[in-house]
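K.L.:
heads up, no residue letters with this:
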C-alpha cells in the first residue's frame, strides 16, 4: 500500500510571468478558462464555493460557473440551501478553480449578491426539462427519508407543470463581485508562480507576486 505522505508530483507544464499575464484579472481568467476548455479538461466550469455561516464554521461545495463578465462570476442554486442561508447572513465568499491537468489554480474572493429575476428566469428556461423539475423537487440541504421521497416529488411536479415548469421562487442566481484574485501555476521544485490582483479604491487592479 502506497503511503500518501510519499505521493509526489513535479509541476513543469508552464509558467506565469508578470510581463506575460494580463493587467486585468478577468482577462487572465478568461484566457485560462478558454485554455482549460480547449484542452478538454474534465468539467472546466466546476468551481469550489466557500461560505461561512453564523456559527463561523466554513463550508465548501462544488458549483458550476454559468457566466462571467466585468460585474462578476455567476452560478445558480437553491436560495434555501445551506449556502443560500449562509450567504444571506454573510455575503462574503470565495471561489476556486483547480485545473489539475494544466497545473493551475484560480482563487477569487468578494461579496455576493443575487442576480436579477430576469437573469434567473432566462437561465432557468434554458435548462433541460428534468433539471427544471429537479429545482422544484429537491428541498436542497434538508433531511429526507430516502431517495423514494425525491423521486415521488419529481413525479408530482412533472405532472403538475408538464412541459412548462416556472422558476421556483426559492431558486436563482448569485453573482460574486471580485475584489481579490489569485492565479497559481505549478512549477518545478515547489517554486510555484503565484500572482495576486487586488482591487484598489480607484477601481484599478494592483498586481503582485506572492511567495508560493
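P.N.:
Cool, got the structure. Just so it is clear, the structure is predicted and the values come from calculations on it, not from any experiment. Numbering: from 1, shown residues only.

K.L.:
tell me the contacts of the most centrally placed residue in the chain?
P.N.:
For the chain, the residue lying nearest the average C-alpha position, counting by Cα atoms, centre = their mean, turns out to be residue 47 (3.7 Å). Taking Cβ atoms under 8 Å, 6 or more residues apart in numbering as the criterion, residue 47 is in contact with 62, 63, 64, 65, 73, 75, 95, 96, 97. For glycine as for every other residue, the C-beta is placed from the backbone atoms N, C-alpha and C.

K.L.:
Residue 169 falls within a strand, correct?
P.N.:
No - with DSSP: H, G, I helix; E, B strand; the rest coil as the criterion, residue 169 is located in coil rather than a strand.

K.L.:
Now do it, the pLDDT please.
P.N.:
As predicted, residue 169 sits at a pLDDT of 97.

K.L.:
Could I get the phi/psi values of it?
P.N.:
The phi and psi values for residue 169, taken as degrees, to the nearest 10, are phi -70, psi -20.

K.L.:
now do residue 185
P.N.:
Here the main-chain torsion angles of residue 185 (degrees, to the nearest 10) amount to phi -120, psi 120.

K.L.:
Counting neighbours, what do you get for it?
P.N.:
Neighbourhood size, residue 185 [other Cβ atoms under 10 Å]: 21.

K.L.:
And residue 33, by the same measure?
P.N.:
Counted with other Cβ under 10 Å, the burial measure for residue 33 works out to 19 neighbours.
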